[in-house]
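>>> Below is the structure, and that's it, no one-letter string:
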């Protein structure tokens, strides 16, 4: 069985550990984080191997997942580069970190880049994935399996990753914000507060499930709800009047620009 090491035990690191427990087994999972509190939490909850250094983790692992912040990536690579051989695979989920940046430190080693999102935590994630030319097919397939345990995996060229970061990486926060707004409005207009989260969140969940399973365009599903002269039509007319689509365009474009800036700052 392949041995998987995870450097960084933050939100996404914990999600991946949770995914891997039944996939490779606890004894084949190795973790390291500079935050001792996070490490202790992982050890108590998952009973996986806790290492005292990046070096120890790399020496014990076949696949090394870099689940650290972009600004930490250079320091981590400096510490592990001399212990990565041709057989090991490095998987980076650090936003904005390009494969060519990783290759500056790791040279002609096997590298996979992934952009996952937080709904992996509940088994409904979406991850974009790509690899460098040195990564062997069977290892790339194994990497894809890691991220498909709790979601879908899309193979896409690296040049799209900054836009993917803005759309699906940041996307859950847009939905959380929409839920927050609708809940506030519902309460303000008189709905009992205790019922509002359930009413709003299950509405969002149900709508998303229909979008995914009905295989009907969002525009058509919208029309199916908005009968002529009805309540929904009135609400949509307000969205159109205040150009909500334009607001979303500006917002997502701004996230995209920031993703590109981070990519140039940390991943060039």
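Received the coordinates, thanks. All of these numbers come straight from a predicted model, not from anything done at the bench.
>>> would you list every one of the helices in this protein?
11-24, 36-46, 54-60, 73-80, 99-106, 137-148, 161-164, 171-188, 196-213, 218-225, 231-241, 244-266 (DSSP state H).
>>> Redo the ones you listed as TSV? Include mean neighbour count and mean pLDDT.
Every C-beta, even on glycine, is put in place using the N, C-alpha and C of the backbone. Converted to TSV, the helices of the chain look like this (neighbours: other C-beta atoms under 10 Å; pLDDT from 0 to 100):
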stretch	mean neighbour count	mean pLDDT
helix 11-24	19	94
helix 36-46	14	90
helix 54-60	19	95
helix 73-80	17	95
helix 99-106	18	95
helix 137-148	17	98
helix 161-164	22	96
helix 171-188	14	98
helix 196-213	13	97
helix 218-225	12	96
helix 231-241	11	97
helix 244-266	14	92
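>>> show me the contacts for residue 46.
17-18, 21, 26, 29 (C-beta atoms under 8 Å, 6 or more residues apart in numbering).
>>> Identify the farthest-apart pair in the residues you listed.
Farthest pair in these (C-beta to C-beta) is 18 and 26. Separation: 11.3 Å.
>>> Tell me how the chain divides into domains.
Here the domain assignment for the chain is 4-161, 169-263, based on automatic domain parsing.
>>> pLDDT at the nearest residue to residue 49 once chain neighbours are set aside, what is it?
Nearest residue to residue 49, sequence neighbours excluded (C-beta to C-beta, 6 or more residues apart in numbering): residue 30, at 4.6 Å. pLDDT, residue 30: 97.
>>> Give the burial count for residue 30, as a bare number.
Residue 30 has 22 neighbours, counted by other C-beta atoms under 10 Å.
>>> Tell me the spacing between it and residue 69.
Going from residue 30 to residue 69 by C-beta to C-beta, to the nearest Å gives 20 Å.
>>> just residue 245 next, same as before
Going from residue 245 to residue 69 by C-beta to C-beta gives 33 Å.
>>> what does residue 265 give?
Taking C-beta to C-beta as the measure, residue 265 falls 12 Å from residue 69.
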